[in-house]
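1. whatever this is, show me its structure:
(chains A and B)
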Amino acid sequence: MTDTTPRVRFAPSPTGLLHVGNARTALYNWLFARRVGGTFILRIEDTDLERSEARYETQLIKDLRWLGLDWDEGPGLAAGEPEMGSFGPYRQSKRLAIYAEHTERLLAEGNAYRCFCTTEELEVERARAVAEHGPQVYSGRCRALQSAEIEKNLAAGKPFSVRLKIGTEPLRFHDLVHGPVEFAAEAVSDPILVRSATSISAGVPVYNYVVTIDDALMQITHVIRGDDHISNTPRQVAIYQAFGWKVPEFAHLSTILGADRERLSKRHGATSISTFRKMGYLPEALVNYLALLGWGAEDGKTETFTLEELTRAFSLERVTPSPAIFDFDKLNWLNRHYLKECNTDRVLALSLPFFLNEVPQLHLTKEGLVAGSRHSEWFERLIQLLLPYVDHLDQLPVKAAPIFAFDPASARANEENAAILAVGSARTVLTELAARVRVHSGPVTPEVFKGWMKEIKAATGVKGEELFHPVRIALTGAHSGPVFDKLIPLIEDGATLGLGILGICDRIERFAGV
RNA sequence: GGCGCUAUCGUCUAGGGGUUAGGACGUGAGAUUCUCAAUCUUAAAACCCGGGUUCGAUUCCCGGUAGCGCUACCA
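-> Purely as a prediction, here's the structure:
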């Protein structure tokens, strides 16, 4: 290995949606590679044929791309594109022959041996270990098998697994986030490399084995992955040593936990990248949040980073070893931050899909508003007005509901509303308002509206909250919402669009009539 | 049971032998506004426990405790 350019990999198995924990691992790998001008490799661990599915691989690639990550070697950056890089294939299912070849070599060189122990026999050993409170390790019994006996077993067609011979020296490795780590050889014991079969080529190699071969052959210099692999690492170190390969640097990232300190899972809420996308989170918010989950800027203060800023600031040395609890509130804060920074066209394009089913009358296609549609300008104002009220875009339709669907009866039924309306002054105010609406013709401009409010204030002596609250309820069904100056023209203009939106006067009359 | 990893406000973290232990999210209060959201100001809020080393430990060492992981012919 003469090349000193760092090479890192992200090696997910396509057995489900990309989880935020794995996404963070991918991000840290990518940031490290981009920071130091190294190579980032995507490798698909699809050896679990029963659970691996092509659609998950396609989705995985989409999700990584959505986050803004790309890779220098691995599957194509889009579905159907050829593999990139000269260390392939990059799907483990295509590398089976390579593993078998290496197993032959290990056996020939005496660093591995065939184990004919049956599951039942091993179970007995394990049960004894538990009873004696000792470590549950393999005795190494089949190491001592004479070649005559091996031949006899083979001839009899007895299935065997292949085990690695572990020496007596402690197994050590260096971890960029944990420092030096050491395991006693006895605690590791001879691990299985290839599962039971009657021939080596028929045997299915085990995860720890193929990962190590792939990492070595792909010349990975820094293995950055979840810390649930720490205990697997000594076994992998032993494999590197058995082949005479250089042991890489490691960086084990802490687990992401839920609020209850258990591993983050679906019951904690959204966990997959595609779910966050569907909820209307911005990729830059998610990337920023994930970067902060286990890593902090050198100044200890900066919280917002673009991907480019991250590639300049990131370092593995500043990654925290302790587990982190996923905080939806902070993610929401970052998303609100980036939503504010987002340009209008993009927010609009991202928001529209959430209205597709809510407002079928809209002149919408999947791509957005029909060009030149008179809905377009109005919709932009609507989104802009509502944007400060949401954490993520899928909350928009709910916030917009009072504009599209006006329901006086349920507005009155609402407990808080009822309390406000029950005050005597509220009834007076609404009576005055209705009287003005009856004699009014033409659109209600903010100026007209302000004039009414001024008159009512003068006529009734009601002012402030007691004046505006009931009016707001009569107009929108809610006692809170955007400022009237913007809300009123939006409603009035909306009423002319043929979307079934009621105008100001209609609203007040209907409300009075209930 | 064995082995390993981890331990600073509720949460994410900065820091590090002597600091008013810093920042951010969230929370409380205030300002603004008809209201809510946003925004600004402000407040409360932390070094797991016990030993040792030291003039001094939250920081270094040891032990305990707790959480998590591995302990598979899962990945």
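
2. which helices and strands does the helix or strand hosting A:Arg507 pack with?
-> For A:Arg507, the element it lies in under DSSP states H and E is helix A:504-512. Packing partners of helix A:504-512 (3 or more Cβ pairs under 8 Å, 6 or more residues apart in numbering; DSSP states H and E): helix A:408-413, helix A:424-438, helix A:465-476, helix A:484-494. Every residue, glycine included, has its C-beta placed from N, CA and C.

3. which parts of that helix are buried?
-> Judged by neighbour count using 16 or more other Cβ atoms under 10 Å, the buried positions of helix A:504-512 are A:504-505, A:507-509, A:511-512.

4. ok, stretch A:408-418 next?
-> Quick answer for stretch A:408-418 (16+ other Cβ under 10 Å): A:408, A:411, A:417.

5. how about stretch A:28-48?
-> A:28-36, A:38-47.

6. how about the residues of the stretch 351-500 of chain A near RNA strand B?
-> For the stretch 351-500 of chain A, the contact set with RNA strand B under Cβ under 7 Å from any atom of the strand comprises A:388-389, A:464-465, A:467-469, A:472, A:479-485, A:487.

7. which residues of the stretch 1-150 of chain A lie near RNA strand B?
-> Close to RNA strand B, as judged by Cβ under 7 Å from any atom of the strand, the stretch 1-150 of chain A has residues A:13, A:15, A:45, A:47-48, A:115, A:117-119, A:122, A:126, A:129-130, A:133-138.

8. let's see that with 6 Å instead.
-> A:13, A:45, A:47-48, A:117-119, A:122, A:126, A:133, A:135-136 (Cβ under 6 Å from any atom of the strand).

9. can you read off the pLDDT for the residue lying closest to A:Ala54 once chain neighbours are set aside?
-> Nearest residue to A:Ala54, sequence neighbours excluded (Cβ to Cβ, 6 or more residues apart in numbering): A:Pro14, at 7.4 Å. Listed pLDDT for A:Pro14 reads 92.

10. again with the one 5 residues further on
-> Per-residue pLDDT puts A:His19 at 94.

11. isn't it up against A:Ala270?
-> No: A:His19 is beyond contact range of A:Ala270, at 10.4 Å (criterion: Cβ atoms under 8 Å).

12. is stretch A:259-279 positioned near RNA strand B?
-> Yes: Stretch A:259-279 lies within reach of RNA strand B by Cβ under 6 Å from any atom of the strand, at A:261-263.

13. helices - which of these land there?
-> Among these, no member falls in helices (DSSP state H).

14. which one of those residues has the most neighbours?
-> A:Arg263 (14 neighbours; other Cβ atoms under 10 Å).

15. ok, that one - contacts?
-> A:255-257 (Cβ atoms under 8 Å, 6 or more residues apart in numbering).

16. before we move on, what about A:Ser480?
-> A:Arg472.

17. looking at this, it is in a helix?
-> No: checked against DSSP: H, G, I helix; E, B strand; the rest coil, A:Ser480 lies outside a helix; its state is coil.

18. for the stretch 201-350 of chain A, what lies in contact range of RNA strand B?
-> Contact residues, the stretch 201-350 of chain A versus RNA strand B (Cβ under 6 Å from any atom of the strand): A:206-208, A:227-228, A:230-232, A:255, A:261-263, A:292-294, A:296, A:300-301, A:303, A:318, A:320-325, A:327, A:329-330, A:333.

19. quick one on the thing from earlier: for RNA strand B, state which of the buried residues of helix A:504-512 is nearest.
-> Nearest to RNA strand B among the buried residues of helix A:504-512: A:Ile504, at 13.6 Å, using Cβ to the nearest atom of the strand.

20. that closest one contacts A:Ala474, correct?
-> No: using Cβ under 8 Å, A:Ile504 is not in contact with A:Ala474, being 9.6 Å away.

21. phi and psi next, for the residue lying farthest from the centre of chain A.
-> Residue farthest from the centre of chain A, counting by Cα atoms, centre = their mean, is A:Ala459 at 57.4 Å. With angles defined as degrees, to the nearest 10, A:Ala459 sits at phi -70, psi -40.

22. what sits closest to it if chain neighbours are left out?
-> The nearest residue in space to A:Ala459 (Cβ to Cβ, 6+ apart) is A:Glu432, at 6.1 Å.

23. what about the stretch 251-400 of chain A, any weak spots by pLDDT?
-> A:360-374 (pLDDT under 70).

24. residue boundaries of the strands in it?
-> A:256-257, A:324-325, A:364-365, A:368-369 (DSSP state E, counting those that start in this stretch).

25. which residues touch A:Glu416?
-> A:His479.

26. how near is it to A:Thr304?
-> 36 Å (Cβ to Cβ, to the nearest Å).

27. same check, this time on A:Val319
-> 19 Å.

28. higher neighbour count, these two?
-> More crowded of A:Val319 and A:Thr304, by other Cβ under 10 Å: A:Val319, with 20 against 15.

29. shouldn't the more buried one be in contact with A:Leu253?
-> Yes: counting by Cβ under 8 Å, A:Val319 touches A:Leu253, with 6.6 Å between them.

30. so what sits against both of the two?
-> Counting by Cβ under 8 Å, 6+ apart, the contacts common to A:Val319 and A:Leu253 are A:28, A:177, A:294.
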